[in-house]
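> Based on what follows, work out the 3D shape:
(chains A and B)
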Amino acid sequence: MSDNKFKRRSFLKGSAALGAGVVAPTIFTRSANAYTNEPGDSRVVLGFNVPQSGPYADEGADELRAYKLAVKHLNGEGDGGMLNTFSSKTLNGAGILGRKVDYVTGDTQTKSDAARASARAMIEKDGAIMITGGSSSGVAIAVQSLCQEAGVIFMAGLTHSNDTTGKDKKANGFRHFFNAYMSAAALAPVLGKEYGTDRKAYHLTADYTWGWTQEQSMIAFTEELGWETVGTVRTPLSATDFSSYIAPVINSGADVLILNHYGANMVNSLTNAVQFGLRDKVVNGKQFEIVVPLYSRLMARGAGDAVKGIFGSTNWHWTLQDAGSQAFVKSFGKEYGHPPSQAAHTCYVQTLLYADAAQRAGSFNPCAIAEALEGFKFDGLGNGPTLYRAADHQCFKDVLVVRGKEKPESEFDLLEVFNVTPVDKVMYEPDNPMFAGGSLGKCNPGA
Amino acid sequence: MDAIILQILNGLDKGSAYALIALGLTLIFGTLGVVNFAHGALFMIGAFCTVILNKLLSLEMVTKSATETTPWGTPVEVHTPYVVMWFGKVGETMIDYSVFWSILFAIPVMLIIGIAMERGLIKFFYKRPHADQILVTFGLAIVLQEIIKQIFGANPIPQPAPDAFVGSIDIGALIGLGANTVVYPIWRLVYFLFAAVIIAGVFAFLRFTTFGMVVRAGMADRETVGLLGINIDRRFTAMFGLAAVVTGLAGVMYTPILSPNYHMGMDFLVLCFVVVVVGGMGSLAGAVAAGFLLGVLQSFASMPEVKEFLFGFSIDQVIIYLVAVVILLTRPRGLMGRKGIMET
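Have a look, this model is predicted:
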């Protein structure tokens, strides 16, 4: 009996000791890593996931330049750029929450699987606490989903599909860039004014998520204007020669061609359309017109003279005269000898917004940062007063309608800002059918 | 009717590029028996010969403006091409016609690249299996395109056609179909004519010269020609150089149609292999015929009417492969291939 008692007591003591031994490190671990990649006291690592190879490598290079500049400014080097004009004054050049900002880079290759692999490597091997960048909606949606699972914040780069903050939105993902709906909402009134309300439009559309939402948005807004859609043709992303898609346009009765293409697709389809003399044609008694809903200055260069007089939209342009834009152009121009692209601008701003949110939250916990970004209103970052809407993590700001410049003064002077569409004209409800079908879900801090 | 004529023209134009590239591919396969996956890279390098010459002709003297500054505070740079400074209007015309000058520039460049490629790498793989040849030439293609990307960047670089060839021609009015019914870009017609001249030139060279006769004899029976004391290897090396020149010139003249980028060779490569297989491995006439045939078929397949007929299913990206499957199943030697080839 006594043996049994001894054994029972020994067992209890042993269990208590073992329990303490097991629980203590767990408590310690949980306390040390309350969220994924909780940084130490001296440095914090950001992950810049941009296309360094593949068709959008030049755009990726400009994004990377912007990120490096942002890191310099956050660490108190250089002239401070937009830190001086940002309405929030929490960033003072002392890093983020007293930690020096460091970074690692990954190559998305503009392929979803490669982008996810590089983001995963930066999170798991390099300890990146935030992932940002990219030049494609397919990639953005894939990486956003990965960041949600991993418990890190994703600050999207250039992604224009409605789905990124629509059916594929995630609680850990935030988009500063505008979207297809906003482009269409901003462009339609200008097109109506310039080309009239009695038009017949033909769409050539890149066959992937961005193209579909861009086409859907343009059809909705132009038909609301009174235009008729006479044809919609999906073109493969790999297409290089669009001549066989352009030829049917000529006999379709259309007097406007809308090219829902981006990057090399846009360069080639626009060049082909101009070569086929579409812009010289008169159809239905009207001058034939071409519209490119989303412009990229870097890529417009590839189309040469073909962009002259063509309407489109852009998230930001280096010729803007507000203090934030001028400060950024000055910093970037001094550093690299040329003006920044819209992709560079959005990536720079996203880095600052993340850093500021961490400062205001007083934590790197992704959920605290998400909370600080949700509903955040700011100014001084080049787009006027801007709101990061809590319901879908989409930024709302004025949208620029641009036109290919007839007489460019330099190789960078390809587009002119034709109209600034106020934010209230491009705003939509979170449950708009074009964005329906998904839910943010809950913020995931990981760990 | 006008839509059909337009698609035929489109097909012939597209087919011109396919035919030129496939001609080079089949020349190499027919003479050396090598499956050259770096052939697309030769097309791309040809296109970049135009870019390089254009850049050379456009070399500028850069002066700093004393009065104007950039938005970031540095003096504005004023660029003036040297040839314009030296030759005035003649200099401007030289730059304008750089695509044509590029033909002269590309011929020696492509010849040297072709011979260097064959002597420096490919000759070591003659007796190796086709899989090894494919691997090494594919690797070479990737290396070449990455070098071009490092130097020229990833974005397309526009090369406008000379001013006199910009715009389109109203073929509809010329053939009595009515004004503005069939309007076609002038440069695409130039490309078609250029391709026809090059193809005719290659065939004439092989048929009417002693060199060509020996090469054809070597293609038919390499061993016997060697036993006659003829150094057939040297001639086959020259044919590799010729194939590189033909493909490079296809790239040079294609630049006003498709702005050159480092990846353009790969975009054409697989299609052109299919063209060679459909035409018949090693058959020069087959490669040309299949190039035009598949170009026209692809153009027709992208017509909305075809899509409607197929209940909304788009086949323009698969038509070439469908034809290849049918040909391989029913006539493995291809349309004009020699009996016995790929039929064992």
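> make it CA atoms for all contacts and neighbour counts henceforth
Will do.
> Enumerate the residues of the stretch 1-150 of chain A near chain B.
A:53-58 (CA under 8 Å from any CA of the partner chain).
> Flag the shaky bits of chain B, pLDDT-wise.
Where chain B drops to pLDDT under 70, the residues are B:340-344.
> Could you list the buried residues of the helix or strand hosting residue A:313?
Assigned by DSSP states H and E, residue A:313 belongs to strand A:311-314. Buried positions in strand A:311-314, judged by neighbour count with 16 or more other CA atoms under 10 Å in any protein chain shown: A:311-314.
> For chain B, which residue gets nearest to chain A?
Chain A sits closest to residue B:72 of chain B, with a gap of 4.0 Å, by CA to the nearest CA.
> Setting the sequence-adjacent residues aside, check what's closest to that residue.
Spatial nearest neighbour of residue B:72, chain neighbours left out: residue A:330 (4.0 Å); criterion: CA to CA, 6 or more residues apart in numbering or on different chains.
> residue contacts, that neighbour?
Neighbouring residues of residue A:330 by CA atoms under 8 Å, 6 or more residues apart in numbering or on different chains: A:81, B:71-73.
> now swap in residue A:112 and tell me
Counting by CA under 8 Å, 6+ apart, residue A:112 has contacts A:138-139, A:142-143.
> so how far is residue A:129 from it?
Noted for residue A:112: a distance of 20 Å to residue A:129, by CA to CA, to the nearest Å.
> now do residue B:163
In terms of CA to CA, residue B:163 sits 54 Å off from residue A:129.
> Looking at these two now, which is surrounded by more residues?
residue A:129 (26 against 10; other CA atoms under 10 Å in any protein chain shown).
> Does the more buried one touch residue A:45 like I think?
Yes. Between residue A:129 and residue A:45 a contact is recorded at 6.1 Å, counting by CA atoms under 8 Å.
> Mutual contacts of these two, please.
residue A:39.
> Any chance you could spot the residue sitting in the middle of chain B?
Against the mean C-alpha coordinate of chain B, by CA atoms, centre = their mean, the closest residue is residue B:250 at 3.4 Å.
> residues in contact with it?
B:17, B:20-21, B:43, B:46-47, B:195.
> Which ones among these map onto helices?
With DSSP state H as the criterion, helices contain B:17, B:20-21, B:43, B:46-47, B:195 from among the contacts of residue B:250.
> Single out the residue in chain A that lies closest to chain B.
For chain A, CA to the nearest CA, closest residue to chain B: residue A:330, 4.0 Å.
> element containing that residue?
helix A:323-336.
> Quick check: buried residues in that helix?
Per 16+ other CA under 10 Å, helix A:323-336 contains these buried residues: A:323-334.
> residues near residue B:210, how many?
For residue B:210, using other CA under 10 Å, the count is 11.
> Now do it against residue A:337, distance only.
58 Å.
> try residue B:74
9 Å.
> One more: residue A:346?
From residue A:346 to residue A:337 the distance is 19 Å (CA to CA).
> next one: residue A:186
32 Å.
> Which one's more surrounded, those two?
A direct count of neighbours by other CA under 10 Å for residue A:186 and residue A:337 places residue A:186 higher, at 26 against 13.
> ok, the more buried one touching residue A:397?
No. Contact status for residue A:186 versus residue A:397: not in contact, 11.3 Å apart, counting by CA under 8 Å.
> any idea which helix or strand comes after the helix or strand bottoming out on mean pLDDT in chain A?
Sorting the helices and strands of chain A by mean pLDDT, DSSP states H and E puts helix A:2-32 at the bottom, at a mean of 49. For helix A:2-32, the following helix or strand on the C-terminal side (DSSP H and E) is strand A:43-50.
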